[in-house]
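**Q** Output the structure for:
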Amino acid sequence: MSFVIRLTELLKTDPRFTDEVGDLLISAVRDCAWRIDHTLVRLLLSDEAVKDKFFDEIDGYWVFNTNTFIEYISQKDFLDNSYTRFRNKIGLTIGDEYISERGEVALAFPYKDCVLEGGQTKEEEKRKELFFNEVLAEDEINQLFSPKVLTNFKRYTVEGEQTVTDFKRDENGVIRENLIIKGNNLIALHTIKEQFRGQVKLIYIDPPYNTGNDTFGYNDNFNHSSWLTFMKNRLNVAKDLLAPSGVIIIHCDFVEDGYLRVLMDDIFGRENYINSIAIRDSHPSGLKLSAREKTIIKTKSTMHVYKKYGELHINPIYQRRYEWDTHFNSYIDVNSKQLLKVSLSDYVKENTIVKDPNFRLDEKALLNNDFKEFAFKNRHKIFQSTKEIPEYAKIESLKQKDVVIEYSSGEYAYNGRRLSPLSRSIYNVGFDGYEVEDFAKLLCDFWDDVDFNNLQNEGGVNFPSAKKPEILLARLITMFTSKGDIVLDYHLGSGTTSAVAHKMERQYIGIEQMQYGENDSVVRLKNVINGDKTGISKNIEWKGGGNFIFCDLVQYNQAFLASIQESNNTEQLLTIWQDIAANSFLKWYISPEIPEDAINDFIALSEEVDGLEKQKKLLIELLDKNQLYVNLSEIDDAQFNVSEEDKALNRAFYGEV
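**A** Okay, here's the model as predicted:
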């Protein structure tokens, strides 16, 4: 056995130094060596040949020669596999170092387009996903977040699809159009930042929960920090978009809600935390019950609510009450001079209010229509006894025993205790001008009455990743906005937020990168314009109408990246590689020339475990991620072939003459 193989096999016995398919992670070994990790030192000392090569004996003590060890494992031919050979030949290393290990790096750009600080430990190399951490210099990050060129403008109306010729603006120059933007949401947020800075009244997002069941499938050693970074990058720019009195609401799962709360404290300030709303979104049934002896069954999700910094105004929402409050047990005819207090139950029986002879004044009383109608009509005559009146000792008339006293206009007391009328338990229930009076209670921080089942037909789209009910968004929009306010959702999905905002006469901006075909948000919003009858439509008597503008970010390297992702074999990837070399922006240190032996190394990768994913990773690493979309500053560059019509519309959108 050669020494290289011997050392490699020894290092692989430490699980920290291998990836999911058992390959050695040199960067992880190197990091531990620099830190003189005790476990690594003990491991190296356990083999006599390894000890002799990397340790010096001084006065009976073995001293680890760190530099010798690191230089040895950093040699290009230490792990002379096809993957390493390919990286060397196409320029993904500079000298003997991977570019990500050199000192001039500033930020990293990993899966899902996060921007990460640091990255020297390289624990993330254990990941297997399609997009991997890559390095961008600081000036590249600044260019990455510059405004992008928009294209494919369409205005959708009741009359159908129309050409966009201009954008309506208010007296302050703010665009007053409903917008749906397709493209990477981080880059799209930066694209609209200057146009809508400080203008958005409500942001609601329902991002990937990082549960392992969604598309945010990182390796466990990295997914938590990546998810938080993914969120942080977007929240930083989202905060800029919020109005001073604006509110942001993030829907999340128990996996990350505690960590997300700390992150939001950092970005928005703990003093701007409003509350976290718990929502019952499922019931303990079916397969869930099989885990009841191993865990506490989850039946809720959470919405963290933060304001930006200005004065907060909430429009209270009331929840319909179906149970009778049995504390309301007195009937007093407040129109008579006697003000006699009688048992409500006796009064109902003696006056034959209810036809059902078995009726009882218990929690189910409101289910009886006769009683409910009577109680609603006599709300000012039905009372419950509450707290003792503070002025009791000072008001002599209140001391009368067993007598109802009107101690203030419309305020009654009995034996020194305040009598509260049923009328204070009746409120407007509904949304934004479409309320009806009913028995109700204030909606607080636990919502148990939103139905998350049977949503497959809402909006006329059958979204694969769980739609949110329209009633949920209607409540939030009613609580925190008024007609004409701007609502933003940059994880739009099936379009629930925009659909509800449209029906409730709010301006909206929706951003989504994924293409969902017949279940897309654009399809849903077209249904809304044409009079969609589902969701909250009946509650607010929705008849259709309105319009919205759709547009895309102009893709460049993003199109190549998507092609790589969709490829199924090596032959397809080789064709894409040739296209990339000829027509894409490559990283600055990579030559577009394709060496013949590099092709052979690339093909050899297909024989390895997860070979296709490794090939995809390598091709994606060639692309300059700074050029995923076309920068607005390059709109006149002939190679991007932006039409004169799109140039004019971009000038109109960005407010340029």
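**Q** Tell me where the model's unsure across this protein.
**A** In the predicted model, the chain carries pLDDT under 70 at residues 1, 19-21, 76-142, 209-223, 391-398, 464-465, 588-589, 657.
**Q** Now do the domain split for it, please.
**A** Following automatic domain parsing, one finds the domains of the chain at 3-140, 150-317+449-553, 320-428.
**Q** Tell me which of the ones you listed sits nearest to P595.
**A** Comparing those by their distance to P595 (Cβ to Cβ), the top pick is domain 3-140, with 5.5 Å. To be clear about C-beta, it is placed using only N, CA and C from the backbone, and glycine gets the same treatment.
**Q** Deepest-packed of the domains of the chain, please.
**A** domain 150-317+449-553 (a mean of 18; mean count of other Cβ atoms under 10 Å).
**Q** How far does it stretch from one end to the other?
**A** Using Cα to Cα, to the nearest Å, the end-to-end distance of domain 150-317+449-553 comes to 5 Å.
**Q** Also stretch 585-605?
**A** First residue to last in stretch 585-605 (Cα to Cα) measures 24 Å.
**Q** Next, the buried residues of it.
**A** Within stretch 585-605, the residues that count as buried by 16 or more other Cβ atoms under 10 Å are F585, L586, K587, I590, I594, A598, I599, D601, F602, I603, A604, L605.
**Q** wouldn't E311 be in contact with S245 here?
**A** Yes: at 5.9 Å, E311 counts as touching S245 under the criterion of Cβ atoms under 8 Å.
**Q** ok, the residue nearest the centre of the chain - contacts?
**A** Centroid-nearest residue in the chain: P207, 2.1 Å away (criterion: Cα atoms, centre = their mean). Applying Cβ atoms under 8 Å, 6 or more residues apart in numbering, we find P207 in contact with M231, I250, H251, C252, H491.
**Q** Quick check: the farthest pair among the residues you listed?
**A** Across the contacts of P207 (Cβ to Cβ), the longest gap, 12.2 Å, separates M231 and H251.
**Q** For the stretch 251-400 of the chain, which segments are assigned as helices?
**A** Using DSSP state H, counting those that start in this stretch, the helices of the stretch 251-400 of the chain run over 257-268, 344-350, 369-377.
**Q** Throw the ones you listed into CSV and include distance to N335, thanks.
**A** Output for those, formatted as CSV (distance: least, Cβ to Cβ, whole Å):
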stretch, distance to N335
helix 257-268, 53
helix 344-350, 15
helix 369-377, 13
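**Q** among these, which is nearest N626?
**A** helix 257-268 (24.7 Å).
**Q** closest one to G535 among the helices of the stretch 251-400 of the chain?
**A** Proximity to G535 (Cβ to Cβ) singles out helix 257-268 among these, at 26.1 Å.
**Q** Give the other helices and strands that that closest one contacts.
**A** helix 223-241, strand 242-252, strand 273-280, strand 300-307 (3 or more Cβ pairs under 8 Å, 6 or more residues apart in numbering; DSSP states H and E).
**Q** re earlier: out of the helices of the stretch 251-400 of the chain, the one nearest I58 is which?
**A** It's helix 257-268; of these, that one is closest to I58 (Cβ to Cβ) at 46.8 Å.
**Q** tilt between that closest one and strand 300-307?
**A** Counting by axes from the mean of the first three to the mean of the last three Cα atoms, to 10 degrees, helix 257-268 lies at 10 degrees to strand 300-307.
**Q** and helix 257-268, how far from the chain's centre?
**A** Centroid separation for helix 257-268 versus its chain: 13 Å, with Cα atoms, centre = their mean, to the nearest Å.
**Q** and the angle for it with strand 242-252?
**A** 170 degrees.
**Q** Measure how buried Y654 is and give me the count.
**A** Y654 sits with 18 neighbouring residues when counted by other Cβ atoms under 10 Å.
**Q** Would you agree it is in contact with V149?
**A** No: with contact defined as Cβ under 8 Å, Y654 does not count as touching V149 (9.9 Å).
**Q** returning to what we had before: adding distance to P15, write the contacts of P207 out as JSON lines.
**A** Shown next, in JSON lines, are these (distance: Cβ to Cβ, whole Å):
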{"residue": "M231", "distance to P15": "29"}
{"residue": "I250", "distance to P15": "34"}
{"residue": "H251", "distance to P15": "35"}
{"residue": "C252", "distance to P15": "31"}
{"residue": "H491", "distance to P15": "35"}
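**Q** hey, where'd the helices end up in the stretch 401-550 of the chain?
**A** Ranges of helices in the stretch 401-550 of the chain, per DSSP H, counting those that start in this stretch, are 470-480, 496-503, 521-529, 537-540.
**Q** The second one - contacts with which helices or strands?
**A** To tie it back to what came earlier, the one meant is helix 496-503. Judged by 3+ Cβ pairs under 8 Å, 6+ apart, helix 496-503 is in contact with helix 470-480, strand 486-489, strand 507-512, helix 521-529.
**Q** Among the ones you listed, single out whichever gets nearest to I540.
**A** Once the helices and strands packed on helix 496-503 are compared by Cβ to Cβ, helix 470-480 is nearest, at 7.9 Å.
**Q** Tell me which other helices or strands that closest one touches.
**A** strand 200-205, strand 242-252, helix 496-503, helix 537-540.
**Q** now the angle between strand 200-205 and it, please.
**A** 150 degrees.
**Q** Residues contacting helix 470-480, please?
**A** For helix 470-480, using Cβ under 8 Å, 6+ apart, the contacting residues are 201-202, 204, 247, 249, 279, 303, 314-317, 431-432, 443, 447, 450-451, 458-459, 487, 496-497, 499-501, 504, 506, 534-536, 539-540.
**Q** now the angle from it to strand 273-280?
**A** 160 degrees.
**Q** Now E470: closest residue in space, sequence neighbours ignored.
**A** G535 (3.2 Å; Cβ to Cβ, 6 or more residues apart in numbering).
**Q** repeat for N428
**A** Closest to N428 by Cβ to Cβ, 6+ apart is E435, at 3.5 Å.
**Q** do the same with N569
**A** N569 sits nearest to L612 (Cβ to Cβ, 6+ apart), 7.3 Å away.
**Q** Go ahead and confirm the one you found touches T570.
**A** Yes: using Cβ under 8 Å, L612 is in contact with T570, at 7.2 Å.
**Q** what do these two both touch?
**A** S606.
**Q** ok, now which ones touch P316?
**A** L442, L443, M479.
**Q** any chance of those residues in JSON lines, plus distance to R6?
**A** Output for the contacts of P316, formatted as JSON lines (distance: Cβ to Cβ, whole Å):
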{"residue": "L442", "distance to R6": "71"}
{"residue": "L443", "distance to R6": "67"}
{"residue": "M479", "distance to R6": "66"}
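**Q** Nearest to E161 among the residues you listed?
**A** M479 (34.1 Å).
**Q** Assign a three-state SS to Q143, would you?
**A** helix (DSSP: H, G, I helix; E, B strand; the rest coil).
**Q** Tell me how far the closest residue to it other than its chain neighbours lies from F145.
**A** Nearest residue to Q143, sequence neighbours excluded (Cβ to Cβ, 6+ apart): N626, at 5.5 Å. For N626, the distance to F145 equals 10 Å [Cβ to Cβ, to the nearest Å].
**Q** Who has more neighbours out of these two?
**A** N626 (23 against 18).
**Q** distance of the more buried one from L553?
**A** 14 Å.
**Q** Same check on S563?
**A** Going from S563 to L553 by Cβ to Cβ gives 17 Å.
**Q** R524 too?
**A** In terms of Cβ to Cβ, R524 sits 21 Å off from L553.
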